[in-house]
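predicted model and sequence follow; I will ask about them next.
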Amino acid sequence: MTQAIDPRGQAGSLPFVVPRSRLRAVGHGTSWLHLRNLPVDHVRMMLPAGLEPGPQSTAPRGEHPVLFMLVHHRGVRPSFLPIGGMDYLESLVAIPDLQWTSTGHPYRGPFSYMPRLFLNRWMPVFLGWVYAFPKLRERVIRSENAFSVHHLLTGQAILSGSVNHEGEPGPVADFPAFAPIEAMLRQPFVQPVFGGIPICSYLNFHFAEARIQVLHGRMDFQEAYLPGLSVGSLAFDANNQ
């Protein structure tokens with residue numbers, strides 16, 4: 001579920017106050033996720049003015065965690081609609097454990113920020129702009145064990161990857177190594193808009209009902225589509241998320 005943050009609707013569980021909003025969306029999804037530690041100076045290049053890497057406990061000194069995700073969304077719709085919704089693919093980058101550069105904020109962090117999202121359908125792109133997510137309509141393709149993203153107009157490759165599944169899926173509690181990632185995904189997402197005004201949203205992944213599985217594979221970056229990223233390959237397995 002996605003909603004603009006409203007602490008009054010969260011029984012005081014969020015540590016800061018924002019204007020009330022009733023923008024909510026619900027749906028289901030299957031995600032491939034890879035956590036990678038990148039040089040902190042590279043991560044700074046991906047951030048908008050006003051945000052900086054904050055305290056974190058998963059990456060060694062001089063590095064910062066970054067999440068790469070490919071999500072197959074299903075039945076995404078406004079919460080007041082009981083059925084229907086949109087099905088689409090989304091490739092995204094999320095940077096957790098961020099904070100405001102200014103120390104004057106009553107809540108300084110942690111936040112997550114998404115600098116780029118590629119989607120294969122126009123409508124969720126338009127709706128994502130309501131939350132100030134920088135979504136782009138591109139060609140996103142997924143098969144059972146692989147995915148690719150290409151520019152919509154030129155067909156030029158942006159990134160691709162392949163995965164293999166290890167073991168059996170199970171509840172989140174059976175995978176203690178996932179705990180740091182779960183904590184990152186529970187952070188509110190902040191997206192600065194014109195004038196520096198932030199829009200914050202909370203993504204409820206319903207981890208109590210989720211099932212996860214270990215993956216190993218690789219990601220290939222054919223284009224440095226963000227500052228701080230470079231063309232090349234990343235391999236991952238159970239030892240490096």
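Good, I have the coordinates.

identify the residues contacting residue 109.
Shown in contact with residue 109 (C-beta atoms under 8 Å, 6 or more residues apart in numbering): 54, 97-100. From N, CA and C alone the C-beta is placed, and that goes for glycine too.

as a quick check, tell me the outermost residue of this structure.
What lies farthest from the middle of the chain is residue 104; by C-alpha atoms, centre = their mean that is 26.8 Å.

so residue 47: helix, strand or coil?
State at residue 47, reduced to three classes by DSSP: H, G, I helix; E, B strand; the rest coil: coil.

hmm, it is touching residue 112, no?
No: using C-beta atoms under 8 Å as the test, residue 47 is too far from residue 112 to be in contact (11.3 Å).

shared neighbours of the two, which are they?
Counting by C-beta under 8 Å, 6+ apart, the shared contacts of residue 47 and residue 112 are 95, 98.

between these two, tell me which one has more neighbours.
residue 112 (21 against 18; other C-beta atoms under 10 Å).

how about that one, what does it touch?
Contacts of residue 112 by C-beta under 8 Å, 6+ apart are 94-98, 184-185, 187-190.

now, those that are in helices?
Among the contacts of residue 112, the members falling in helices (DSSP state H) are 184-185.

pick out the most distant pair among the contacts of residue 109.
Greatest spacing in those, by C-beta to C-beta: 97 and 100 (12.8 Å).

neighbour count winner among the two?
Counting neighbours by other C-beta under 10 Å for residue 97 and for residue 100 shows that residue 97 has the greater number, 23 against 17.

which of the contacts of residue 109 sits closest to residue 168?
Residue 168 lies nearest to residue 97 out of these, by C-beta to C-beta, at 30.5 Å.

before we move on, back to that, for the residue farthest from the centre of the chain, list the residues it contacts.
Shown in contact with residue 104 (C-beta under 8 Å, 6+ apart): no residues.

doesn't it lie inside a helix?
No: per three-state DSSP, residue 104 lies outside any helix segment and is coil.

tell me the confidence at it?
Looking at residue 104, its pLDDT is 80.

out of the contacts of residue 112, which is most surrounded?
Result: residue 96 is most packed of the contacts of residue 112 (other C-beta under 10 Å), 26 neighbours.

what's near enough to touch the spatially closest residue to that one that is not a sequence neighbour?
Counting by C-beta to C-beta, 6 or more residues apart in numbering, residue 96 lies nearest to residue 184, which is 3.7 Å off, once chain neighbours are set aside. The contact partners of residue 184, taken as C-beta under 8 Å, 6+ apart, are 35, 65, 67, 94, 96-97, 112.

one more: residue 98?
Neighbouring residues of residue 98 by C-beta under 8 Å, 6+ apart: 47, 51-54, 109-113, 190.

would CSV of the contacts of residue 184 with distance to residue 74 and pLDDT be doable?
Shown next, in CSV, are these (distance: C-beta to C-beta, whole Å; pLDDT from 0 to 100):
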residue, distance to residue 74, pLDDT
35, 24, 93
65, 27, 97
67, 21, 96
94, 20, 96
96, 25, 97
97, 29, 97
112, 23, 95
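
which residues in the chain form strands?
Ranges of strands within the chain are 2-4, 24-39, 51-53, 63-78, 86-100, 111-119, 135-137, 139-142, 146-150, 157-171, 189-192, 198-203, 211-221, 232-236, based on DSSP state E.

out of these, which comes closest to residue 126?
Counting by C-beta to C-beta, residue 126 lies closest to strand 135-137 out of these; the figure is 8.4 Å.

residues contacting the closest one, please?
Contacts of strand 135-137 (C-beta under 8 Å, 6+ apart): 90, 116-122, 124-125, 128-129, 152.

if any of those residues are buried, put those into a PyMOL selection.
Buried subset of the contacts of strand 135-137, written as a PyMOL selection, criterion 16 or more other C-beta atoms under 10 Å:
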select buried, resi 90+116+117+118+119+120+121+124+125+128
